[in-house]
Every structure is written in structure tokens, then in C-alpha cells.
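Peer 1: Structure, please.
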Amino acid sequence: MSQLSDQALTIAIGQVGQKENPLGSNWGHPVQDYLASIGIHFPASWCMAFVYWCFDHAAGQLAQPNPLFKTGGVLTQWTNRPLNRIIVAAPANPPKPGDIFIMDLGKGLGHTGIVELLGADGSLHTIEGNTNDSGSREGIEVAKKVRNNKKPIIGYLRF
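Peer 2: Residues are numbered from 1 along each chain as shown. Here you go, the predicted model:
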């Protein structure tokens with residue numbers, strides 16, 4: 001794990017429990033701060049904005065540029081960072097803490113978060129924004145999740 005990814009993961013963990021205000025609004029502090037980091041100043045889906053915000057804060061603390069593409073689009077991030085992609089079907093290169101998982105839910109929709117760890121059973125432990133207890137891409141909070149390491153995850157971005 002790089003120093004940047006390690007710091008971004010630490011920042012993400014510190015945000016666990018942060019919620020929209022009012023719930024279900026895609027707004028309120030700190031959600032609007034996550035969105036503002038990518039130039040969005042209105043309620044919107046914010047999982048990618050959360051990841052960008054974490055990496056942006058980590059990069060600032062380390063006095064280096066944020067390597068992520070400035071976008072709220074999960075699949076746009078994936079498309080614009082081809083050199084950082086790890087394809088999910090590459091068992092020789094499993095996800096690592098600090099990697100960004102990318103889900104393709106079809107019809108241009110995606111979801112993302114930061115890998116906290118890979119469980120001994122292959123499960124993926126993550127920190128995600130705009131999620132809920134069921135793992136929705138349109139949730140209300142930053143939460144720790146446990147996911148399988150399979151579809152709809154298409155891969156990981158590693159910085």
C-alpha cells in the first residue's frame with residue numbers, strides 16, 4: 001500500500017458514521033463537503049465524491065497532488081485511470097487496503113468505496129459513502145461494509 005492510499009484509508013475510517021442531513025437528501029455537512037470537492041454544489045449521489053475527498057485530503061497532508069480524476073462518476077473514474085486498474089479476475093493481484101473498488105451496476109450506474117482489508121474467506125471489507133445496511137449505492141451514510149469480491153465489482157484502482 002502506498003503512503004497516499006494508507007492515509008486516504010485512515011481518513012475514510014475517521015468518517016464512518018457521517019450521515020446526510022436530512023436523511024435521504026444527498027446533502028448536509030459533511031456530504032456537501034464531499035460533493036464540493038469535485039465541484040458539485042447541489043444534492044447528488046456521493047460515493048465517488050467521498051472517495052475523491054478522502055484522497056484529496058490525504059494528498060494535501062502529504063503535500064502531493066491528488067491522482068484521482070476529479071469526478072463524481074464511478075465509471076468515469078475507472079475509464080480515466082487505465083494505468084491504475086486491477087481487474088477483478090486477476091487472482092495473482094488481489095485487492096489491497098487502500099485500493100478503490102469499482103462496481104458496474106449497468107445502465108451507467110456504479111458504486112465505489114475504499115478497501116479496508118481482504119478477509120481470509122475472500123470477503124472484501126470496505127469503507128463506503130452513500131450506502132446503508134443493505135449496501136445500497138443510494139444510502140444515507142459512510143459505513144463499513146463486507147462484500148463478496150465478485151460481480152458487480154469489475155476491478156480496483158490502485159494509487
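Peer 1: May I have the lengthiest strand in the chain exported as PDB, CA atoms only?
Peer 2: Scanning the chain for the longest strand, with DSSP state E as the assignment, gives strand 109-118. Extracted C-alpha coordinates of strand 109-118, given in PDB (Å, rounded to 0.1, in the frame of the first residue of the first chain):
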ATOM      1  CA  LEU A 109     -24.600   3.400 -12.700                       C
ATOM      2  CA  GLY A 110     -21.800   2.400 -10.400                       C
ATOM      3  CA  HIS A 111     -20.800   2.400  -6.800                       C
ATOM      4  CA  THR A 112     -17.400   2.700  -5.100                       C
ATOM      5  CA  GLY A 113     -15.500   2.700  -1.800                       C
ATOM      6  CA  ILE A 114     -12.100   2.100  -0.300                       C
ATOM      7  CA  VAL A 115     -10.900  -1.400   0.600                       C
ATOM      8  CA  GLU A 116     -10.100  -1.800   4.300                       C
ATOM      9  CA  LEU A 117      -8.900  -5.400   4.100                       C
ATOM     10  CA  LEU A 118      -9.400  -8.700   2.300                       C
END
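Peer 1: any idea of the mean pLDDT in it?
Peer 2: On average, the pLDDT along strand 109-118 is 96.
Peer 1: what does stretch 16-26 give?
Peer 2: Average pLDDT, stretch 16-26: 97.
Peer 1: still on that earlier bit, what's next to the longest strand of the chain, contact-wise?
Peer 2: For strand 109-118, contacts defined as C-beta atoms under 8 Å, 6 or more residues apart in numbering pick out 8-9, 12-13, 47-48, 50-51, 54, 73-75, 77-78, 94-105, 124-131, 137, 144-145, 149, 156. Quick note: C-beta positions are derived from backbone N, CA and C, even for glycine.
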